[in-house]
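> Return atomic coordinates for the entry below.
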Amino acid sequence: MPSEPSPIRKYGVFALKAAISLGLVAYIVARADLSAVMSSIELANLGLIALAIGLQVLGAGIISIRWSLLLSEHDVRPGLPYLFGSTLASIFVRQFMPSIIGGDALRAHDAWRAGAGKGLAVVSLVVDRLLGLAALAIFALIAVAYFGTELLDLGNLWIWLIAGAGLIAALLALTFIRLPGGGTQQSDPVSKPARILRKFTDALSLYQGRYRVLLPTFALSVLLQINVVVFYWILSEALGLGVPFPAFFVIVPLAIFVMMAPVSINGIGLREAIFVLLLGLWAVDESAALAFAWVEFATVLVMGVIGGIVFALRRTRPAAIREL
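This next block holds a predicted model:
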């Protein structure tokens, strides 16, 4: 068993992330007109913001259906209400609980409690995430090809996008394609990277070649990411940014990939920086882009509150959370 990181290391990592978040926010706020930011937020269309929050709830429902299909392939059927509640609660945990808990850790615990083995509980979430990222990467590549030279101001960012999409495609291939020799006894690889790869491919063998479940779950992933793109576009309309809908097929994947980087606290700082950069490609000034980032973060917090209510009503909680 790997040793637990020391408290000094944990707090050091947290302090570094906090410093990065605060530094990025301070830099962007210093460049923006705060009065213009607050004015944009005050004039926002509350009806459209409420619709955007509704789309996030819908997204949680799609995730639950996708997760249900993956679990039912191995005869684990806890029911959609159970999985929907777990998905909402995981949003709260991800936003407000210590990072060592994690929303996916809660979902894995719930899948295990519903009868999934520990391996299946984890791998179902890995495949769930991987399919979602694959759909997002496909959107991004199509959009980059569509806009072409209009995205030259991104510098090398589009190269990283293509590299990330290639990695996701490789992992997706490992998920869909049944590897020869799967399930047979083989000698352990010598090198550590090879051993890690072997463990990963062995875990994915739970779903390799199972097109009956992978194809519909991938279709749900495409639907989910369309819902995400519409969510961001609706928020932009609420603030009157005037950014065309197709542009969000570039903005959303890049923003999500950047905010996933584990270098800040809940994407704070990264969120503001990436939206200022990307919305600026469509002539949105820094103050309006900053307002967009903060309104988006506010909707995330609202979803966290909804998830918190669901979490508070749960009858059982993972031991790691009960001990906090």
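> could you pull out the helices for the stretch 101-250 of the chain?
103-113, 118-147, 157-176, 192-204, 211-238, 248-259 (DSSP state H, counting those that start in this stretch).
> Give me the mean pLDDT for the last one.
This means helix 248-259. Taken as a whole, helix 248-259 carries a mean pLDDT of 86.
> roughly how far is it from the heart of the chain?
11 Å (Cα atoms, centre = their mean, to the nearest Å).
> Give me the next element, helix or strand, following that helix.
Note on helix 248-259: by DSSP states H and E, the next helix or strand toward the C-terminus is helix 270-280.
> Alpha carbons of that following helix, as CSV, please.
Included here for helix 270-280 are C-alpha records, laid out as CSV according to Å, rounded to 0.1, in the frame of the first residue of the first chain:
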residue,chain,number,x,y,z
LEU,A,270,-7.8,29.1,-14.4
ARG,A,271,-11.5,29.7,-15.1
GLU,A,272,-11.1,33.4,-15.3
ALA,A,273,-7.9,33.3,-17.4
ILE,A,274,-9.1,30.8,-20.0
PHE,A,275,-12.5,32.6,-20.5
VAL,A,276,-10.8,36.0,-20.9
LEU,A,277,-8.5,34.4,-23.5
LEU,A,278,-11.0,32.4,-25.5
LEU,A,279,-13.9,34.9,-25.4
GLY,A,280,-11.4,37.6,-26.5
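> Report the buried residues of that helix.
For helix 270-280, burial by neighbour count (16 or more other Cβ atoms under 10 Å) applies to 270-279. Just so you know, the C-beta spots here come from the backbone N, C-alpha and C atoms, and that holds for glycine as well.
> Mind putting the helices of the stretch 101-250 of the chain into JSON lines with mean neighbour count and distance to Gly47?
Shown next, in JSON lines, are the helices of the stretch 101-250 of the chain (neighbours: other Cβ atoms under 10 Å; distance: least, Cβ to Cβ, whole Å):
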{"stretch": "helix 103-113", "mean neighbour count": "21", "distance to Gly47": "29"}
{"stretch": "helix 118-147", "mean neighbour count": "20", "distance to Gly47": "27"}
{"stretch": "helix 157-176", "mean neighbour count": "16", "distance to Gly47": "34"}
{"stretch": "helix 192-204", "mean neighbour count": "13", "distance to Gly47": "44"}
{"stretch": "helix 211-238", "mean neighbour count": "19", "distance to Gly47": "8"}
{"stretch": "helix 248-259", "mean neighbour count": "22", "distance to Gly47": "20"}
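> Just give me the lowest mean pLDDT stretch among those.
helix 192-204 (a mean of 60).
> can I get the buried residues of helix 270-280 in TSV with pLDDT and distance to Ser40?
Formatted as TSV, the buried residues of helix 270-280 follow (pLDDT from 0 to 100; distance: Cβ to Cβ, whole Å):
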residue	pLDDT	distance to Ser40
Leu270	86	21
Arg271	89	16
Glu272	88	14
Ala273	88	18
Ile274	89	18
Phe275	92	13
Val276	91	13
Leu277	87	18
Leu278	88	17
Leu279	92	12
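> Closest one of those residues to Phe139?
Of all the buried residues of helix 270-280, Phe139 sits closest to Leu278, with 14.1 Å by Cβ to Cβ.
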